[in-house]
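Undergrad: For reference, the sequence and a predicted model appear below.
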Amino acid sequence: MTGAPLLAVDGLVKHFPVHGDAYGGGSDRVVHAVDGVSFTIGRGETLALVGESGCGKSTVARLVLRLLDATAGSITFDGVDVTGLAGKQLRDVRRRVQVVFQDPFSSFDPRRRVGDSVAEPLVAQGRKRDAPARVPELLELVGLDAAAAGRFPHEFSGGQRQRLAIARALSVQPDLVVLDEPVSALDVSIQAQVLTLLADLRTRFGLAYLFISHDLAVVRNVADRVAVMHLGHIVETGPTAAVFADPIHPYTRALLSAVPDPDPVRERTRERIVLAGDPPSPIDPPSGCRFRTRCALALDSCAASEPPLVHRGDGPSVGHLVACPVVLGAAPPPSPSM
């Protein structure tokens, strides 16, 4: 990435209060959904945020969109800190930052014609007069007939509805689109079509994407850089090719070991990393490294303090950061059996 980033997230924190337990007892506690997350996205760049369900990646997406207010940290978009914006200033930022959600059916009001739904951002931005001309253009842009504007959501397939969601996101000509699991609800063949569309739109309009996903096979083909989240923290980040070719953090390596290999011979013989125990609770996370309770490489010192993200090295590893002093202290160890 060259030049100032389009989006810069620094020390982002989001805690949700939990008042008592299911039986009305217990002390007030918090869910540590996001704890000190930092990353940047350049203009025209795709950053993938990946990890298990519950790691906090979708919460990060909602914080970036200002659908949630951060507990701490900052979100800077095109040089402006947006964490405290409201009113017209926030609306101006939201025009430039749009979203495509996971479920293409629940994204639309079933009682409204899709043309009206696609035009919603235009109306919200005070550009209702532009809708009659803009909506047909948008539908054709995503591969649908302009006449589809008069139909209802239930008349479309899942892939078509996601194309409609993409059209709606592009209606106000954003610079950044947050894609929250945009293809996980679609059949594999339809996934490929939607991903191709997103790639074409990115090239055509210079869009930047924050791509939220748990599917590493998809991420490998769409992202310039990847950030791996575990229990509210980013544990490894770097160029996608570097992270996939040489994952360093034990958690990253465990995730990648679960991705099927298309070669049947390699698939039968490759080593898989199976993590022991249950994932820790975000209400009561472990001290220090939050992965240590499931890590075969963990030392007593791992409980002392939270490890920072550290540059792995120079040359081909530039920009590859890892939060694990154990593996950074020497050559990366062979894949452990966990």
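TA: All right, it came through fine.

Undergrad: mind listing what's buried in the helix or strand hosting Asp92?
TA: Element membership of Asp92, judged by DSSP states H and E, is helix 87-96. For helix 87-96, a neighbour-count test (16 or more other C-beta atoms under 10 Å) marks Val93, Arg94, Arg95 as buried. Just so you know, the C-beta spots here come from the backbone N, C-alpha and C atoms, and that holds for glycine as well.

Undergrad: Show me how far it is from its chain's centre.
TA: Offset of helix 87-96 from its chain centre (C-alpha atoms, centre = their mean, to the nearest Å): 21 Å.

Undergrad: just stretch 151-167 next, same as before
TA: Counting by C-alpha atoms, centre = their mean, stretch 151-167 comes out at 22 Å from the chain centroid.

Undergrad: and Val99, how many neighbours?
TA: Residue crowding around Val99 was assessed by other C-beta atoms under 10 Å; the count is 23.

Undergrad: same question, Phe156
TA: For Phe156, the count of nearby residues is 19 (other C-beta under 10 Å).

Undergrad: Quick check, pLDDT for it.
TA: pLDDT, Phe156: 95.

Undergrad: Can we start the residue count at 782 from this point?
TA: From this message on, residue numbering opens at 782, which makes the last subject Phe937.

Undergrad: From Val863, how far off is it?
TA: Distance from Phe937 to Val863, counting by C-beta to C-beta, to the nearest Å: 33 Å.

Undergrad: before we move on, what about Ile993?
TA: Distance, Ile993 to Val863, using C-beta to C-beta: 19 Å.

Undergrad: same thing with Val1108?
TA: Taking C-beta to C-beta, one finds Val1108 at 35 Å from Val863.

Undergrad: Spatially nearest residue to Ile925 (excluding sequence neighbours)?
TA: Just so we're on the same page, residue 925 is Leu rather than Ile. Arg944 (5.8 Å; C-beta to C-beta, 6 or more residues apart in numbering).

Undergrad: Quick one: neighbours of that neighbour, just the number.
TA: For Arg944, using other C-beta under 10 Å, the count is 25.

Undergrad: I'd say it and Val923 touch.
TA: Yes - with contact defined as C-beta atoms under 8 Å, Arg944 reaches Val923; the gap is 4.2 Å.

Undergrad: what residues are shared contacts of those two?
TA: Leu978 (C-beta atoms under 8 Å, 6 or more residues apart in numbering).

Undergrad: coming back round to it: and the residue nearest to Leu925, what is it in contact with?
TA: Counted by C-beta under 8 Å, 6+ apart, Arg944 has contacts Val923, Gly924, Leu925, Val975, Leu978.

Undergrad: what do you get for His1011?
TA: For His1011, the contact set (C-beta under 8 Å, 6+ apart) comprises Gly832, Glu833, Cys836, Tyr1032, Arg1071, Phe1072.

Undergrad: hmm, 10 Å instead?
TA: Residues near His1011 by C-beta atoms under 10 Å, 6 or more residues apart in numbering: 832-833, 836-837, 1017, 1030-1033, 1035-1036, 1060-1061, 1070-1072, 1075, 1104.

Undergrad: and if you look at Thr1050?
TA: Thr1050 sits next to Asp1042, Asp1044 when contact means C-beta under 10 Å, 6+ apart.

Undergrad: Ile993: helix or strand, and which one exactly?
TA: Assigned by DSSP H and E, Ile993 falls within strand 989-994.

Undergrad: That strand pairs with which strands?
TA: Paired neighbours of strand 989-994 in the sheet (DSSP bridges): strand 827-831 (parallel), strand 957-961 (parallel).

Undergrad: average pLDDT across the first one?
TA: pLDDT averaged over strand 827-831 equals 97, rounded to a whole number.

Undergrad: what comes up buried for that strand?
TA: So strand 827-831, judged by 16+ other C-beta under 10 Å, has buried residues Thr827, Leu828, Ala829, Leu830, Val831.

Undergrad: How about stretch 1076-1096?
TA: By neighbour count with 16+ other C-beta under 10 Å, stretch 1076-1096 contains the buried residues Cys1076, Ala1079, Cys1083, Pro1088, Leu1090, Arg1093.

Undergrad: show me where pLDDT drops low in the protein?
TA: 782-783, 801-808, 1094-1099, 1111-1119 (pLDDT under 70).

Undergrad: swap the cut-off to 80 and go again
TA: Across the chain, the ranges flagged by pLDDT under 80 are 782-784, 800-809, 1041-1052, 1055, 1058, 1093-1099, 1110-1119.

Undergrad: most centrally placed residue in it?
TA: Per C-alpha atoms, centre = their mean, the C-alpha nearest to the average position across the chain is that of Ile993, at 2.2 Å.

Undergrad: so what's it up against?
TA: Contact partners of Ile993, counting by C-beta under 10 Å, 6+ apart, are 828-832, 838-843, 845, 880, 882-883, 959-963, 965, 1000, 1010.
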